[in-house]
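S.K.: Okay, predicted coordinates and the sequence, questions at the end:
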Amino acid sequence: MFYPAHLNLYKQSCLVIGSGAYAERRVISLYRCGANITLVGQVGTPLLTRLSQENGIRWQKRSFEAEDLNRCDLLLVFIETEDNDLNSHIFHQAHIVHGISLVNVHDVISESTFTSTSLVNTELMTISISTGGQSPALSRRIRQYVEQLVGIDPVNHLPEKSVVASASEFAFTPSTQPPYYPVGLIATGQRYAAISQKPGKENSEMKQRLNLLERCGAELVSESSSSTVIDDVFLTLVEQSAIEKMEMLATQPKLVEVINQPNRSRFITPKLISDQDLMIGISARGEGTVEMEKAHAQLTRQFVSNGYGRFLDLLGSLRPTVSNTVPLAG
């Protein structure tokens with residue numbers, strides 16, 4: 001299973017390496033979250049062309065070059081070229097050499113630190129749906145159901161190539177908080193830190209996150225009350241009462257959640273609906289708290305009460321059999 005995280009990408013540098021419809025969907029999703037985006041790819045779409053012309057994105061119309069990663073402010077990288085060996089090389093350079101925390105090679109979990117989720121963004125909420133990789137088809141069906149409840153997300157219904165949509169349709173209003181970008185963090189084998197006022201006596205919200213990270217296979221780095229250094233961790237959780245302890249660290253963490261202080265967090269852990277590998281996360285923006293609670297109650301009744309997690313386990317157990325017996329299209 002993946003750890004659900006809703007990223008705050010406002011004015012954060014993101015790099016998309018790829019072309020065509022894949023790049024379009026990634027770029028538009030990042031764009032409406034307020035990210036500073038560089039696209040590297042030779043083939044675009046009418047909508048990407050318009051975004052570039054309107055200075056919504058920086059588009060390098062060429063193949064990937066090593067210098068594209070030589071930026072200390074890069075937070076997130078999406079990779080999809082047509083060369084699998086090149087994809088692997090870029091991942092190694094981005095994550096291992098340059099230390100970029102969030103790197104995704106499309107459909108290659110072993111060479112990614114996060115995976116994309118199905119998502120629905122409205123004016124008041126961000127909703128993410130993950131099946132832990134067990135059933136992308138079920139994830140899409142749940143997303144369609146969520147849209148019936150809370151409204152259509154235009155990124156999930158991008159126009160055909162022959163239609164050039166207005167780039168402004170996907171931009172958030174400057175006076176509002178930009179949407180979060182939901183991901184599933186691949187926490188297996190990763191080290192993380194937890195900074196609390198009283199180590200060993202964390203508050204209930206911190207304990208919930210620690211338990212979820214343990215289920216995801218992450219390793220907790222022990223915190224010393226006198227330590228000013230926490231090295232080589234994937235993410236850091238901080239209790240609101242322990243912010244001063246975080247500020248004393250010699251190096252400030254990049255991927256950090258200060259619990260109940262989203263304005264000081266690079267990501268937040270959403271309000272969860274969880275049933276085994278099925279994970280639906282909801283976060284509110286602006287005045288969306290009431291709508292979030294209503295959606296949470298509706299989706300809990302629909303998916304947890306009806307045992308979708310057990311159904312998902314069955315689907316996951318059948319996938320290897322289906323893959324081995326049903327020939328793929330050439």
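M.R.: Structure received.
S.K.: Only C-alpha atoms from now on, for both contacts and neighbour counts.
M.R.: Noted.
S.K.: where in the stretch 101-250 of the chain is pLDDT low?
M.R.: Low-confidence segments of the stretch 101-250 of the chain (pLDDT under 70): 160-166, 174-175, 223-229.
S.K.: can you pull out the helices in it?
M.R.: With DSSP state H, counting those that start in this stretch as the criterion, the stretch 101-250 of the chain has helices at 136-150, 204-215, 243-247.
S.K.: Buried residues in the shortest one, which are they?
M.R.: Okay, so that is helix 243-247. Of all the residues in helix 243-247, those buried under the rule 16 or more other Cα atoms under 10 Å are 243, 245-246.
S.K.: now the first one
M.R.: Across helix 136-150, burial judged by 16+ other Cα under 10 Å covers 138-140, 142-144, 146-147, 150.
S.K.: thinking again about what came up before, which of the helices of the stretch 101-250 of the chain sits closest to T300?
M.R.: helix 136-150 (11.8 Å; Cα to Cα).
S.K.: which residues are in contact with that closest one?
M.R.: The contact list for helix 136-150 (Cα atoms under 8 Å, 6 or more residues apart in numbering) reads 118-120, 122, 129-131, 153, 295.
S.K.: how about the residues you listed, which pair is most distant?
M.R.: The span of the contacts of helix 136-150, defined through Cα to Cα, is set by T122 and T131 at 21.4 Å.
S.K.: between these two, which one's more packed in?
M.R.: Set T122 next to T131 and count neighbours by other Cα atoms under 10 Å: T131 wins out with 27 against 17.
S.K.: now that one, nearest residue through space, not along the chain?
M.R.: Spatially, and ignoring its direct neighbours in sequence, T131 is nearest to L278 (4.6 Å; Cα to Cα, 6 or more residues apart in numbering).
S.K.: looking at it, that neighbour is touching G133, isn't it?
M.R.: No. Look at L278 against G133 with Cα atoms under 8 Å: they stay out of range, at 9.6 Å.
S.K.: Can you pick out the residue with more neighbours from these two?
M.R.: Under the criterion of other Cα under 10 Å, the comparison of L278 against G133 puts L278 first, with 27 against 18.
S.K.: Mind listing the residues bridging to that one?
M.R.: Note on L278: beta-bridge partners D275, judged by DSSP bridges.
S.K.: Which per-residue confidence value corresponds to it?
M.R.: For L278, the pLDDT comes out at 84.
S.K.: any idea how far it lies from Q252?
M.R.: Counting by Cα to Cα, to the nearest Å, the gap from L278 to Q252 is 33 Å.
S.K.: Check A5 too.
M.R.: 19 Å.
S.K.: Would you indicate which residues of stretch 297-307 are buried?
M.R.: In terms of neighbour count (16+ other Cα under 10 Å), stretch 297-307 has its buried residues at 299-300, 303-304.
S.K.: for the residues you listed, which one is nearest N211?
M.R.: When the buried residues of stretch 297-307 are compared for distance to N211 (Cα to Cα), V304 comes out closest, at 19.3 Å.
S.K.: what's the closest non-adjacent residue to that closest one?
M.R.: Distances taken as Cα to Cα, 6+ apart put D275 closest to V304, at 5.9 Å, once the chain neighbours are dropped.
S.K.: Next: T176.
M.R.: G286 (7.3 Å).
S.K.: That neighbour and L124 touch, don't they?
M.R.: Yes. If you go by Cα under 8 Å, G286 and L124 touch, sitting 6.5 Å apart.
S.K.: of these two, who's got more company?
M.R.: Higher neighbour count among G286 and L124: L124, with 19 against 11, using other Cα under 10 Å.
S.K.: Next, find the distance separating the residue nearest to that one when sequence neighbours are not counted from A218.
M.R.: Nearest residue to L124, sequence neighbours excluded (Cα to Cα, 6+ apart): G288, at 4.5 Å. Note on G288: its distance to A218, by Cα to Cα, is 32 Å.
S.K.: Next, the contact list for the residue nearest in space to the middle of the chain, please.
M.R.: Nearest to the geometric centre of the chain sits V183, at 1.9 Å (Cα atoms, centre = their mean). Contact partners of V183, counting by Cα under 8 Å, 6+ apart, are 4-7, 114-117, 128.
S.K.: For M279, give its distance to S112.
M.R.: Distance from M279 to S112, counting by Cα to Cα: 19 Å.
S.K.: Look up phi and psi at K198.
M.R.: For K198, the backbone dihedrals (degrees, to the nearest 10) come out as phi -130, psi 90.
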